[in-house]
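Novice: Next comes the sequence, and after it the predicted model I'd like to discuss.
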Amino acid sequence: MSTQTKKSSFSGGIGFVLAAAGSAVGLGNLWRFPTLASKYGGGLFLLVYLGLVLTFGFSLLMTDIAIGRKTGKSSLDAYKTINPKWNFLGKLTFVVPSIIITYYVVIGGWILKYIFASTTNLSAAADGNGEFFTAFTSSKAPPIFWMLIFLAITAFIVFCGVEKGIERFSKIIMPVLFVMIIGIALFVLFAKDETTGRTGWKGFLHYVTPRLTDAEGKKFTIATIMQLVLDAMSQLFFSLSVAMGIMITYGSYVKKDVDLGKSVKQIEIFDTLVAFLAGMMVVPATYIFSLETTKIMTKGGPGVIFIILPQIFEKMGAIGKIIAPLFFVMVAFAALTSSVSILEAIVGSCAETFKINRKKICLIISAIALVAAIIVCLGFTDVLGFIKVVLPNDDAITAKEASHNLLDILDYISNYLLMPIISLLTCILIGWVVKPKWVIDEVETEGVKFGRKKLYAFMIKYAAPVVMILLILQSLGAFKFLG
Ligand code: PHE
């Protein structure tokens with residue numbers, strides 16, 4: 001029997017788009033995007049990001065999906081099918097989801113805890129300086145317990161299969177998530193703080209108006225603008241889940257009659273819209289209640305979701321008690337569809353390469369992930385202790401404190417080092433070794449027209465490799481002298 005007939009697949013275009021959007025929409029959209037927008041002049045960042053999505057985002061996403069569909073293989077085997085000499089790239093790509101899964105489920109567990117905590121005792125979760133959060137993450141058993149639940153749900157969905165698990169689940173979750181985020185964003189738009197008189201609408205204007213100044217009113221320098229573009233770029237490919245084998249794996253489940261150009265467009269729109277709406281929720285919410293929090297927010301990270309937002313929900317009074325759990329449920333949905341895609345990228349690859357039954361391999365990998373995630377959890381406790389290292393891209397302030405836990409370090413290796421390296425190598429392979437026509441032909445099978453093919457070829461051959469090299473240099477700290 002040919003592998004094609006045995007292979008799992010999505011039922012059609014919509015199932016695929018929603019599953020891929022499920023992967024794309026995640027914590028990156030909800031906490032990183034609003035943070036970056038706050039930091040980099042609101043509307044200015046939005047415009048730059050949009051420009052990058054339509055050019056780079058589209059090209060990178062199309063490349064991954066087309067590689068998957070054309071080779072019919074998951075990431076581990078896809079590159080060697082293109083060219084046997086490029087087998088190493090498959091292996092390298094496989095490393096990324098293998099790293100990410102170990103900490104993504106830990107954060108997933110924190111979110112579940114916050115659904116529970118914000119329902120039962122919002123004021124405790126909303127303590128001013130993050131003591132609740134730190135006490136929780138540095139305790140021993142509770143984070144492991146919540147992580148276990150999150151991992152179990154993820155594993156269950158992957159266990160149920162591509163169509164019956166991932167697709168079916170995404171078809172329900174994604175529309176619900178979308179409605180919830182619109183609801184919360186609209187609510188914030190009409191919110192008002194009686195004491196300061198600040199309104200959500202003003203906060204919204206603060207979010208979308210392009211500015212050339214930071215939260216403290218300091219004017220941007222050329223160096224800041226360059227940082228903005230590079231940060232927007234790395235946000236973009238983290239957000240679209242490219243360069244980690246996920247979209248290759250999902251692409252390999254797409255039937256030949258699906259219009260890839262149209263699907264890529266829909267995934268991009270969905271992902272960017274959710275990021276925009278997340279900003280509409282988070283930026284005005286912090287703006288209404290205090291400018292201080294808007295400033296703190298630019299530091300980003302989990303603090304936004306786990307420390308700042310609970311305070312804001314608490315300030316909202318009675319209504320906040322309803323919005324808070326709803327918000328965390330929505331975040332959990334977003335994180336779940338992403339972690340499902342990460343696990344699937346590993347399971348799909350292993351099932352194919354080692355020719356083992358999917359269900360069996362799913363259980364084995366989940367068990368390994370569980371052990372690794374426990375270690376990541378313990379990285380926040382005094383069992384392992386905080387590891388004192390300075391990462392090459394740390395800014396001066398962080399470098400002084402120089403305290404990173406295991407999660408930060410894993411995140412640095414996967415997102416800041418491996419992803420741009422993989423992307424660069426993929427661009428070289430597609431742009432220069434097999435040539436962009438290899439992808440264009442795949443998009444144009446079954447008589448579909450590839451609208452932006454000239455742009456695509458230019459991006460893959462020239463623009464993307466240059467930017468990737470800049471990103472790698474930035475991750476290595478080469479631009480620190482710019483301040
Ligand atoms: N793309 C997801 C986001 O924006 C995150 C993600 C990372 C998903 C890694 C899968 C793998 O948050």
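Specialist: On my side now, so go ahead.
Novice: Excluding chain neighbours, give the residue nearest to the residue in the stretch 251-400 of the chain that the ligand sits nearest to in space.
Specialist: Going by Cβ to the nearest ligand atom, the ligand is nearest to Ser338 of the stretch 251-400 of the chain, at 3.7 Å. C-betas here are computed from N, CA, C, even on glycine. Leaving aside its sequence neighbours, Ser338 sits nearest to Gly26 (Cβ to Cβ, 6 or more residues apart in numbering; 3.5 Å).
Novice: surely the one you found meets Thr337?
Specialist: Yes. Using Cβ atoms under 8 Å, Gly26 makes contact with Thr337 at a distance of 7.3 Å.
Novice: need the residues of the stretch 301-450 of the chain near the ligand, please.
Specialist: Selection of the stretch 301-450 of the chain residues close to the ligand by Cβ under 6 Å from any ligand atom yields 338, 341-342.
Novice: For those residues, give me CSV that also has neighbour count, distance to Phe479 and pLDDT.
Specialist: Output for those, formatted as CSV (neighbours: other Cβ atoms under 10 Å; distance: Cβ to Cβ, whole Å; pLDDT from 0 to 100):
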residue, neighbour count, distance to Phe479, pLDDT
Ser338, 24, 29, 95
Ser341, 28, 31, 96
Ile342, 28, 30, 96
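Novice: Which secondary structure element is home to the residue in the stretch 51-200 of the chain that the ligand sits nearest to?
Specialist: In the stretch 51-200 of the chain, the residue found nearest to the ligand is Ile100; the distance is 4.8 Å by Cβ to the nearest ligand atom. Assigned by DSSP states H and E, Ile100 belongs to helix 87-120.
Novice: Now for Ile269, how many residues are close by?
Specialist: Ile269 has 13 neighbours, counted by other Cβ atoms under 10 Å.
Novice: still on that earlier bit, export the residues of the stretch 301-450 of the chain next to the ligand to CSV and append columns for secondary structure.
Specialist: Output for those, formatted as CSV (DSSP: H, G, I helix; E, B strand; the rest coil):
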residue, secondary structure
Ser338, helix
Ser341, helix
Ile342, helix
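Novice: so where is the chain shaky, pLDDT-wise?
Specialist: Where the chain drops to pLDDT under 70, the residues are 1-6, 128, 289-301, 385-387, 396-403, 482-483.
Novice: Let me see the contact set for the residue of the stretch 251-400 of the chain closest to the ligand.
Specialist: Neighbouring residues of Ser338 by Cβ atoms under 8 Å, 6 or more residues apart in numbering: 22-27, 104, 241.
Novice: Which ones among these also lie next to the ligand?
Specialist: Counting by Cβ under 6 Å from any ligand atom, the members of the contacts of Ser338 near the ligand are 23-24, 26-27, 241.
Novice: Which of those residues sits closest to the ligand?
Specialist: Checking those against the ligand by Cβ to the nearest ligand atom gives Gly26 as the nearest, at 2.6 Å.
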